[in-house]
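Participant: Generate a structure from the sequence data that follows.
(one chain, ligands or ions: 1)
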Amino acid sequence: MQVKYLDLQAQYQSIKPEIDQAIQKVLDTSAYVLGPAVVQFEEDFAEYCGADFSAGVNSGTNALLLALKALDIGPGDEVVTSANTFIATVAAIVHSGARPVLVDVDPVSRNIDPILLKMAISPRTRAIMPVHLYGRMADMDPIMATAEKYNIPVIEDAAQAQGAQYKGKRAGSVGLMGAFSFYPGKNLGAYGEAGAVTTSDSELDKKVRVLRDHGSERKYYHDMIGYNARMAGIQGAVLGVKLKHLDQWTRERNRVAATYRKALKGGPVGLPDVHDDYAQVFHLYVVEAPQREKLQDYLRENGIVTLTHYPVPNHLQKALGFLNYKEGDFPVTEKLCREVVSLPTYPEMTDEQVEYVAAKIREFFGKA
Ligand SMILES: *Cc1c(COP(=O)(O)O)cnc(C)c1O
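Facilitator: Here you go, the predicted model:
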């Protein structure tokens, strides 16, 4: 049996008439950048997240950067974030001019450890950026308590968590701002690059909209130096169609995750935690396995594609050497980076495929 890591083509085929029609409308009206399809998606996505506003931008990385810039964060400032994340989180902080301050994660949630986060706050801390990794929200109550105590804004990196909930609240509606990626492989994926910034603060929303469009509110009048970070019209149209299907796809992802759990419980690999406070959206189904590379080779030989999120922790990446972190600084993150394997997880995956992957994992450890 062949099991792809994900199947974007199957998803397109399942909604082809709606998508084709929505794209055709953009072509027929030449609304290539921003335009009515983006405006409609912004309204729908804000409502979906439980935020008052959402501004469409051209990537998740720029969503993070514009959120930081809307808060006037820059050189001399510190932004505290999770050590266990994709480099884009940290890169956005570096691009803002601020210094990223990394914090280790909790081994069960794999998200930022709220106690260590509190210890990392300094007089220079200007933002806290929790990451909702793999589709599970960070433990937001203690994070928000620290933020309120020190009066520091929270920007959620919700790139992997469209629709995820923490105690009934959706990602992007708990912190002051939320940043989303719609990279094609994300749970809500565009057909190109796209992102969004959510907030319920109208001033911040306005500032993000000015920043994404060269710092201009009125064409050719510039009150600040901004960016070119606007969402493309076609992406707004695609996302508008796909948002209507997101909850159904999330249910399918949860079915896949539950099937993995049932088939692998008590077995040789560490499974994602499940907890009543969290409605997870399983962007990735990440297990922890000894002999990670050998397991991945064995699965590949059996037609199963897996990935590693992430093989090298940010603090040991060459590009971030200037932060002067060293091996041993974030032991939980380092252990995860040695052991994590992302198993194929996508809505169109069948239970038979999930059970086949699980059987091959058990077989590997039976043999090993
Ligand atoms: C994908 C991702 C980003 C960046 O999003 P892009 O749209 O690729 O720029 C940021 N943070 C996390 C955690 C991500 O997974």
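
Participant: can we go C-alpha only for contacts and neighbour counts from here?
Facilitator: Noted.

Participant: Contacts for the longest helix seen in the chain, please.
Facilitator: Using DSSP state H to define each element, the chain has its longest helix at helix 246-264. Here helix 246-264 makes contact (CA atoms under 8 Å, 6 or more residues apart in numbering) with 163, 187-188, 271, 280-283, 285, 345-351, 354-355, 358-359, 362.

Participant: what does the stretch 1-150 of the chain put close to the ligand?
Facilitator: Residues of the stretch 1-150 of the chain that fall close to the ligand, judged by CA under 6 Å from any ligand atom: 59, 60, 61, 85, 86, 88, 89.

Participant: Counting neighbours, what do you get for the second one?
Facilitator: This means residue 60. Using other CA atoms under 10 Å, the number of residues around residue 60 comes to 27.

Participant: repeat for the fifth one
Facilitator: Burial of residue 86 is recorded as 17 neighbouring residues (other CA under 10 Å).

Participant: The chain should start at 125 in everything you say after this.
Facilitator: All set: I'll call the first residue 125, so the last point we hit is now residue 210.

Participant: how close does it sit to residue 486?
Facilitator: Spatial separation of residue 210 from residue 486 under the definition CA to CA, to the nearest Å is 29 Å.

Participant: Could you do the third one as well?
Facilitator: Using CA to CA, one gets 38 Å for the distance from residue 185 to residue 486.

Participant: Out of the two, name the residue with the larger neighbour count.
Facilitator: Neighbours were tallied for residue 185 and for residue 486 using other CA under 10 Å; the higher tally belongs to residue 185 (25 against 17).

Participant: Just the buried ones out of the contacts of helix 370-388, please.
Facilitator: Applying a neighbour-count criterion of 16 or more other CA atoms under 10 Å, the buried members of those are 287, 311-312, 395, 404-407, 409, 469-474, 478-479, 482, 486.

Participant: among these, which are in strands?
Facilitator: Where the buried ones among the contacts of helix 370-388 overlap with strands, as defined by DSSP state E, the overlap consists of residue 409.

Participant: Just the strands from the stretch 125-274 of the chain, written as ranges.
Facilitator: Listed from the start of the chain, the stretch 125-274 of the chain has strands (DSSP state E, counting those that start in this stretch) covering 177-181, 202-206, 223-227, 249-253.

Participant: Nearest to residue 421 among the ones you listed would be which one?
Facilitator: Of all the strands of the stretch 125-274 of the chain, strand 202-206 sits nearest to residue 421, with 29.4 Å by CA to CA.

Participant: outside of the lowest-mean-pLDDT helix or strand in the chain, which residues touch it?
Facilitator: For the chain, scoring each helix and strand by mean pLDDT, DSSP states H and E identifies strand 340-342 as the least confident one, at a mean of 92. Strand 340-342 is touched from outside by 333, 334, 346, 347, 348, 350, with contacts defined as CA under 8 Å, 6+ apart.
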